[in-house]
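Visitor: sharing a model that was predicted from the sequence below.
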Amino acid sequence: MTVNYVPRTEQPAVSSSLLKIWKTRYVARAQNIATDPTNFRKYPLEFVASNIGRKRTLAKLSDKLIRESSHGAAAKTRSLYLQHEYLQFNDTVDLSKFTLQTIPVLLRSYQEQPPVVIYPPGAAPEVSTAVQFGIADISTLANYLGSCFSQFKSQHAASKDWLVQCFLTSQIGLASASILSVLDPVEQAMLTPYFNLLEDYVAIPWWRLCDSANQYDKFSPEHKLVEHMLVRTSEISWAAYRRWTQQFVSYAGARGNLNNLKIRRSSLRDFDMFQVYLWLSVLQGDSGIISKELVVFCAYIFKGIGIPWPMTLAGIRTLVEEISGRLTPEEQSVANRFMNGMINAFQAVV
């Protein structure tokens, strides 16, 4: 694996508190690794995270593997979208360049900066399932990914920006799975947060949210609201997802019903995306972000792959109810017009 790039040295100031919340998305527990305790002795987390262990991991990920995985993922994604005439898009080779450029950057970051490994007091490192691990510093990495993404989008027609975004999230997921498949379970677990960050960066405006918060005093009503609710993003997404699936138990798409593991993961990420867009609109004081960006994306992609719009609208309403039920009266006074704006924007789609 070889990487040649010059990272940006100047980084915009962002809200440190929101950045910390974002960072927690990329810290996992050892108990989530799909392996048995004997593998922890064969591949101790402490060794895998060490300089020698990371070099051994990366030695398995050749340039050829990355290239073949990127092109193969692009072809598979194109094949998926060809099932939907509304979403035809042919530039698979050009689009695969994004993962060819960014995946080596992720691996370079993993090589140069040890991941966080947190052992609970008194735990035996080689067997404990309570150990946590993840990306130590996402700001530099996210800043460079942003530069790559902006440059990549500028090469494509504005009319296809949203389709490019959807294609990339699918391609990243497929390419990541192919690359990670050559690693043992503990190595996979250590690298997965990096690939998750890349997929999230393309799909969810986390960096823009942190950047927008920088204009507020940390004790302002807007900043306090967003910080309070952002911590609960996953909790709210799960609650909304469970209620949403109960409303559409008979639904089945090409990949299965709403409890299919891949559909569940995709749906939960969508609910996360909806929340981040909502809080971005609060911090920018502009509900138009929802209609100009989020609704355009959902109308184009969800309709394109056959998801009935009433299902999407029901999901938005359910999500807003879950959020509203967790707000204090003071927070309600700040958030209400933006939550109503979100529902109205989705309702306006024919």
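Guide: Perfect, I can see it now.

Visitor: can you list the residues that contact stretch 171-181?
Guide: 61, 65-66, 68-70, 72-74, 76-77, 95-96, 98-99, 103, 188, 191-192, 195, 198-199, 202 (Cβ atoms under 8 Å, 6 or more residues apart in numbering). C-betas here are computed from N, CA, C, even on glycine.

Visitor: can you list the buried residues in that stretch?
Guide: Applying a neighbour-count criterion of 16 or more other Cβ atoms under 10 Å, the buried positions in stretch 171-181 are 171-176, 178-180.

Visitor: surely residue 309 and residue 295 touch.
Guide: No: in terms of Cβ atoms under 8 Å, residue 309 does not count as a neighbour of residue 295; the distance is 10.6 Å.

Visitor: between those two, which has more neighbouring residues?
Guide: Neighbour tally, residue 309 and residue 295, criterion other Cβ atoms under 10 Å: the higher count belongs to residue 295, 20 against 15.

Visitor: that's a helix at that one, yeah?
Guide: Yes: if the criterion is DSSP: H, G, I helix; E, B strand; the rest coil, then residue 295 is within a helix.

Visitor: shared neighbours, residue 309 and residue 295?
Guide: Counting by Cβ under 8 Å, 6+ apart, the residues touching both residue 309 and residue 295 are residue 349.

Visitor: for residue 134, grab phi and psi.
Guide: Comment: the main-chain dihedrals of residue 134 come out as phi 170, psi -160, following degrees, to the nearest 10.

Visitor: chain neighbours aside, what residue packs nearest to it?
Guide: Using Cβ to Cβ, 6 or more residues apart in numbering and skipping residues adjacent in sequence, the residue nearest residue 134 is residue 27, 3.3 Å away.

Visitor: tell me how many other residues crowd that neighbour.
Guide: Residue 27 has 15 neighbours, counted by other Cβ under 10 Å.

Visitor: and it, what is it in contact with?
Guide: Going by Cβ under 8 Å, 6+ apart, residue 27 touches 116, 118, 132-135, 193.

Visitor: pLDDT weak spots in this protein?
Guide: Within the chain, the stretches with pLDDT under 70 are 1-14, 29-43, 81-95, 119-130, 155-163, 166, 254-255.

Visitor: can you pull the domain assignment for it?
Guide: If you go by automatic domain parsing, the domain ranges for the chain are 16-203, 215-347.

Visitor: tell me which of those lies nearest to residue 209.
Guide: Ranking those by their distance to residue 209 (criterion: Cβ to Cβ) puts domain 215-347 first, at 5.0 Å.

Visitor: tell me the one among the buried residues of stretch 171-181 nearest to residue 53.
Guide: Out of the buried residues of stretch 171-181, the one with the shortest distance to residue 53 is residue 180. That distance is 15.9 Å, counting by Cβ to Cβ.

Visitor: gap between the closest one and residue 167?
Guide: In this structure, residue 180 lies at 20 Å from residue 167, with Cβ to Cβ, to the nearest Å as the measure.

Visitor: for residue 204, same thing?
Guide: Distance from residue 204 to residue 167, counting by Cβ to Cβ: 16 Å.

Visitor: chain center to the helix or strand that contains residue 117: distance?
Guide: Counting by DSSP states H and E, the secondary-structure element that holds residue 117 is strand 116-118. The chain centre lies 21 Å from the centre of strand 116-118; the measure is Cα atoms, centre = their mean, to the nearest Å.

Visitor: cool, stretch 18-26 as well?
Guide: 12 Å.

Visitor: ok, residues contacting that stretch?
Guide: Residues from elsewhere that reach stretch 18-26 (Cβ under 8 Å, 6+ apart): 134-135, 138-139, 193-194, 196-197, 200, 206, 209-210, 213, 226-227, 230-231, 234.

Visitor: which of those residues are buried?
Guide: So, of the contacts of stretch 18-26, 134-135, 138-139, 193-194, 196-197, 200, 206, 209-210, 213, 226-227, 230 end up buried under the neighbour-count rule (16+ other Cβ under 10 Å).

Visitor: list phi and psi for the residue nearest to residue 134.
Guide: Backbone torsions of residue 27, given as degrees, to the nearest 10, read phi -120, psi 120.

Visitor: residues in contact with the residue nearest to residue 306 when sequence neighbours are not counted?
Guide: Setting aside the residues directly before and after it, residue 306 is nearest to residue 253 in space (Cβ to Cβ, 6+ apart), at 6.2 Å. Contact criterion Cβ under 8 Å, 6+ apart gives 263, 305-307 as the residues in contact with residue 253.

Visitor: list just the nearest of these to residue 112.
Guide: Comparing the contacts of residue 253 against residue 112 with Cβ to Cβ picks out residue 263 as the nearest, at 35.8 Å.

Visitor: C-alpha coordinates for the helix or strand encompassing that closest one, CSV please?
Guide: Remark: residue 263 resides in helix 261-284, with elements defined by DSSP H and E. Once side chains and other backbone atoms are set aside, the C-alpha atoms of helix 261-284 remain, and they are given as CSV (Å, rounded to 0.1, in the frame of the first residue of the first chain):
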residue,chain,number,x,y,z
LEU,A,261,-29.5,-6.0,8.3
LYS,A,262,-28.2,-4.0,5.4
ILE,A,263,-31.5,-2.1,5.1
ARG,A,264,-31.5,-1.5,8.8
ARG,A,265,-28.0,0.0,8.7
SER,A,266,-28.9,2.2,5.8
SER,A,267,-32.1,3.3,7.4
LEU,A,268,-30.4,4.2,10.7
ARG,A,269,-27.8,6.2,8.8
ASP,A,270,-30.6,8.0,7.0
PHE,A,271,-32.3,8.9,10.3
ASP,A,272,-28.9,10.2,11.5
MET,A,273,-28.6,12.2,8.4
PHE,A,274,-32.0,13.8,8.9
GLN,A,275,-31.1,14.9,12.4
VAL,A,276,-27.8,16.4,11.4
TYR,A,277,-29.5,18.4,8.6
LEU,A,278,-32.1,19.6,11.1
TRP,A,279,-29.5,20.8,13.5
LEU,A,280,-27.5,22.3,10.7
SER,A,281,-30.5,24.3,9.7
VAL,A,282,-30.9,25.5,13.3
LEU,A,283,-27.2,26.7,13.5
GLN,A,284,-27.4,28.4,10.1
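
Visitor: lovely, talk soon.
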